[in-house]
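> Structure for this input, please:
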Amino acid sequence: MVTIAEEISVSRLVRILEKNLSCSQTALWSNLRQLKRVGILNYGDAKTKGTPVVLTKVGKMISKYLEEKNEC
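Residues are numbered from 1 along each chain as shown. Predicted structure coming up:
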């Protein structure tokens, strides 16, 4: 699992995940776009470059559920 405790842009997140997960940037961008589209993540676009990646309320609910499920 990759844990990042600081605010980072989506471009930097992609570079970090590429190194840690050995995934292509294309695959990572595709998955991040889908997570943004369904309302799990939020991050900047061409007009708001540098906006940090954040979990939305729905994303936080899913994360909490998965953490609790893994504690059992």
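> List of residues touching stretch 60-72?
Residues outside stretch 60-72 that contact it (Cβ atoms under 8 Å, 6 or more residues apart in numbering): Ile40, Leu55. Every C-beta, even on glycine, is put in place using the N, C-alpha and C of the backbone.
> starting at the chain centroid, how far to it?
Averaging C-alpha positions (Cα atoms, centre = their mean, to the nearest Å) puts stretch 60-72 16 Å from its chain's average.
> before we move on, what about stretch 36-44?
Distance of stretch 36-44 from its chain centroid, counting by Cα atoms, centre = their mean, is 8 Å.
> By neighbour count, which bits of it are buried? Give me those.
By 16 or more other Cβ atoms under 10 Å, the buried positions in stretch 36-44 come out as Lys36, Ile40, Leu41, Tyr43.
> Relative to Val10, which of these is nearest.
Among these, Tyr43 lies closest to Val10 (Cβ to Cβ), at 4.1 Å.
> Could I get the full set of strands for the chain?
With strands called from DSSP state E, the chain shows them at 41-42, 54-55.
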